[in-house]
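**Q** with the input below, show me the fold.
(one chain, ligands or ions: 1)
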Amino acid sequence: MPDARANAVRIDFARTPPDKPAFLGTKSFTDYDLAELVDYIDWTPFFQTWELAGRFPAILDDPKVGEVARSLYDDARKMLERIVAERWFKAQAVIGFWPANADGDDIAVYADEARETQIATFHTLRQQLEKREGRFNAALSDFIAPASSGVADYIGAFVVTAGIGEDLIADRFKNANDDYSSILCKALADRLAEAFAERMHTRVRREFWAYAPDESLSTEDLILEKYRGIRPAPGYPAQPDHTEKKTLFALLDAENSTGVKLTESFAMWPGSSVSGLYFSHPESYYFGVGKIERDQVEEYAARKGWSVQEAERWLAPVLNYIPSQDQSAQDRSLREAMPTQPPSSVVPANDAEARELDAHPPGCTCAMHLAYRKKAVGAG
Ligand code: SAM
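**A** Below you'll find the predicted structure:
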């Protein structure tokens, strides 16, 4: 860990001072106009949901899957028109900006510019595997000016949903034995949520953080992320810890302002919701934390106020060691020390994925579930 930390991303914040957002605190958006989101839809993942590989719009003319893709796209556009005109779903969002500074691998969020009252901490994880010459061991905290630099920096956060009402409509189709339309409408709610995240991020760069007021990018360039700044989502490779959503939701009072709830396993309900942090620095980028070692897990556990076992449970997919084996070794030595002790049960090493799937909320619309359901109705 010391080596990884010594190889952190080094940004000269004094040379590229952070921009101050146009407002500090939160701003919510109720009943956002769905029509505004349609042009921001990235259709390529829509086809992936139906296991049709290829980029949109080229996929429509693909010699192998073009015909199926066109028919699906035709149905989708027709339903999308009705969704917008008849307001099937409600789109809501909340965004917020706060003064923030890095504190080691954490990000301290302050109540105001005095930077004396800390109202939240975002914990980040650092890439730990050895890097090639010239590559860094990044953590998201590297993209925020450290408190010791004396540079005033900021962080943003958002929760958007396009799924308020989606379950009701999807169930209506299902009860009418129209599983195809039920899945289609959920897939479209999911597309609208991603489009909303894209649209809101664009507005953040132009109006709300306003560090790129003159930006003008095509939908394609937005999909290719040709803009300044990133919006990493907890549970994604740069921060695989889903529990960070709890901090994000609390800061934004997101459950009250958007109607999006966090489940026990920190999945969002409705499924057609997106959340994340905003980083504005031009040198910020997406990365994958990759596998991490026990020393970082122990330190992270202490920072989060967790036991090491708790940290290993939440970070199971990124551990570079097998805690269950260590657990059985511990159990063995315990048994040897106390031969009358009954054997402890050992957690299977790879049950994290199964637990994750079980933990999805009812009616979950993640790509995996949609693919299963699509198979069940034989569509696509
Ligand atoms: N155009 C895509 C769509 O409509 O489905 C956008 C969604 S895709 C899941 C991209 C988003 O995932 C990013 O905006 C970011 O929130 C998240 N993301 C991607 N790579 C990430 C990474 N390495 N770490 C954290 N978040 C990541």
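**Q** how many neighbours does Leu72 have?
**A** Per other C-beta atoms under 10 Å, the neighbour tally for Leu72 reads 23. C-betas here are computed from N, CA, C, even on glycine.
**Q** just give the nearest non-adjacent residue to it, would you?
**A** Across the structure, with C-beta to C-beta, 6 or more residues apart in numbering as the measure, the residue nearest Leu72 apart from its sequence neighbours is Trp50 (6.1 Å).
**Q** state the distance from the one you found to the ligand.
**A** The gap separating Trp50 from the ligand is 14 Å, by C-beta to the nearest ligand atom, to the nearest Å.
**Q** pretty sure that residue sits against Tyr73.
**A** No: the pair Trp50 and Tyr73 does not pass the contact test of C-beta atoms under 8 Å, sitting 10.2 Å apart.
**Q** could you say which helix or strand holds Gln115?
**A** Gln isn't right for residue 115; it's Arg. Assigned by DSSP states H and E, Arg115 belongs to no helix or strand.
**Q** and it, how close does it get to Leu24?
**A** Taken as C-beta to C-beta, to the nearest Å, the spacing of Arg115 relative to Leu24 amounts to 12 Å.
**Q** overlap in contacts, these two.
**A** Shared contacts of Arg115 and Leu24, defined by C-beta atoms under 8 Å, 6 or more residues apart in numbering, are found at Pro99.
**Q** and the residue of the stretch 1-150 of the chain closest to the ligand?
**A** Asp42 (3.5 Å; C-beta to the nearest ligand atom).
**Q** helix, strand, or coil at that residue?
**A** Classification of Asp42 using DSSP: H, G, I helix; E, B strand; the rest coil returns coil.
**Q** which one is it nearest to, not counting chain neighbours?
**A** Ranked by C-beta to C-beta, 6+ apart and with sequence neighbours excluded, the top spatial neighbour of Asp42 is Ile223, at 4.9 Å.
**Q** the one you found: what's it in contact with?
**A** Neighbouring residues of Ile223 by C-beta under 8 Å, 6+ apart: Asp42, Thr44, Glu198.
**Q** is the helix or strand hosting Ala102 positioned near the ligand?
**A** Here Ala102, judged by DSSP H and E, is contained in strand 90-103. No: where contact is defined by C-beta under 6 Å from any ligand atom, no part of strand 90-103 touches the ligand; the two come within 13.7 Å at best.
**Q** report the distance from that strand to the chain centre.
**A** From the chain centre to the centre of strand 90-103 is a distance of 14 Å (C-alpha atoms, centre = their mean, to the nearest Å).
**Q** again, but for stretch 261-268
**A** Relative to the chain's own centre, stretch 261-268 is displaced by 12 Å; criterion: C-alpha atoms, centre = their mean.
**Q** how about it: buried residues?
**A** By neighbour count, with 16 or more other C-beta atoms under 10 Å as the criterion, the buried positions of stretch 261-268 are Leu262, Phe266, Ala267, Met268.
**Q** what about the last one, distance to Leu60?
**A** Met268 sits at a distance of 31 Å from Leu60 (criterion: C-beta to C-beta).
**Q** ok, now the second one?
**A** Using C-beta to C-beta, we find Phe266 at a distance of 37 Å from Leu60.
**Q** try the first one
**A** Note on Leu262: its distance to Leu60, by C-beta to C-beta, is 37 Å.
**Q** what mean pLDDT does stretch 296-309 have?
**A** The average pLDDT within stretch 296-309 is 97.
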